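A.B. asks: for reference, the sequence and a predicted model appear below.
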Amino acid sequence: MLRTLLSIFAHENLELHQIGIVGAYLQGNLNEDIYMEVLEGIREEGKEGWFWKLKVLYSLKQAGCQ
């Protein structure tokens, strides 16, 4: 299908522009607060009950909405 599309553009001498859709969902700003429990290997002594507040969205299911 892609080859057919490219053939049409080449035959008609048209310009083709491309964007990276996959990259568009890699990182986005958050409109809501999302907290994550600190991972087992990263926890520090005395901070066992702490959580991280995420500042940016990276490949989470909310990326499409942002």
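C.D. replies: Sure thing, it's come through.

A.B. asks: low pLDDT regions in the chain?
C.D. replies: Applying pLDDT under 70 to the chain flags residues 1-2, 19-30, 56-66.

A.B. asks: in it, which spans are strands?
C.D. replies: Assigned by DSSP state E, the strands in the chain fall at 28-29, 35-37, 51-53, 56-57.

A.B. asks: and residue 33, how far is that from residue 13?
C.D. replies: Distance of residue 33 to residue 13, given as CB to CB, to the nearest Å: 52 Å. (C-beta placed from N, C-alpha, C; glycine too.)

A.B. asks: kindly report the same for residue 38.
C.D. replies: 57 Å.

A.B. asks: who has more neighbours out of these two?
C.D. replies: Set residue 38 next to residue 13 and count neighbours by other CB atoms under 10 Å: residue 38 wins out with 14 against 6.

A.B. asks: just to check, the more buried one is in contact with residue 53?
C.D. replies: No - look at residue 38 against residue 53 with CB atoms under 8 Å: they stay out of range, at 11.3 Å.

A.B. asks: give me every residue that touches residue 6.
C.D. replies: residue 16 (CB atoms under 8 Å, 6 or more residues apart in numbering).

A.B. asks: for residue 50, that is, sorry about that
C.D. replies: Per CB under 8 Å, 6+ apart, neighbours of residue 50: 38, 43.
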